[in-house]
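Novice: missing the sequence, but the structure's below:
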């Protein structure tokens, strides 16, 4: 082979190696450059009757994990009919309601949000004290 042919062969091998590395990297992370990698967001429940953070913006397929860091029991509830005030219980059309049930200190609950829209949820025990949270799910198809 001549010098030019050797350089071309080495260049093509290098390009193939880079392509395999990028493809393998995407396969290992479970995503490709054009896709959203699902994430998990932690919301803490505390005895000052607040969710931390109170508002969260996520994409469809993301998960929220509520953790009770307080000494008192708390809930994370978006089940129709559980709120004293209607604006504390908002669920987009087609979305599955969620209800953690009673979470004791240190317990956790998680929910995967698959439907885009605005959600309002509450701690059933402490809604009257202002323990209300909001989730905005945006992005994905049709958004």
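Specialist: Good, I have the coordinates. Quantities reported herein were computed from a predicted structural model and do not represent experimental measurements. Numbering: from 1, shown residues only.
Novice: Touching, residue 121 and residue 74? I think so.
Specialist: No. Under the contact definition of C-beta atoms under 8 Å, residue 121 does not touch residue 74, with a separation of 11.5 Å. The way it works is simple: take the backbone N, C-alpha and C, and place the C-beta from them, glycine included.
Novice: list the contacts for residue 115?
Specialist: Contact partners of residue 115, counting by C-beta atoms under 8 Å, 6 or more residues apart in numbering, are 60, 92-96, 137.
Novice: What's the per-residue pLDDT of the residue nearest the centre of the chain here?
Specialist: The central residue of the chain, meaning the one whose C-alpha is nearest the mean C-alpha position (C-alpha atoms, centre = their mean), is residue 62 at 2.7 Å. At residue 62 the predicted local distance difference test score is 98.
Novice: Could you tell me which residues make contact with it?
Specialist: For residue 62, the set of contacting residues under the criterion of C-beta under 8 Å, 6+ apart consists of 38-41, 112-113, 137.
Novice: tally of neighbours for residue 69?
Specialist: Neighbourhood size, residue 69 [other C-beta atoms under 10 Å]: 14.
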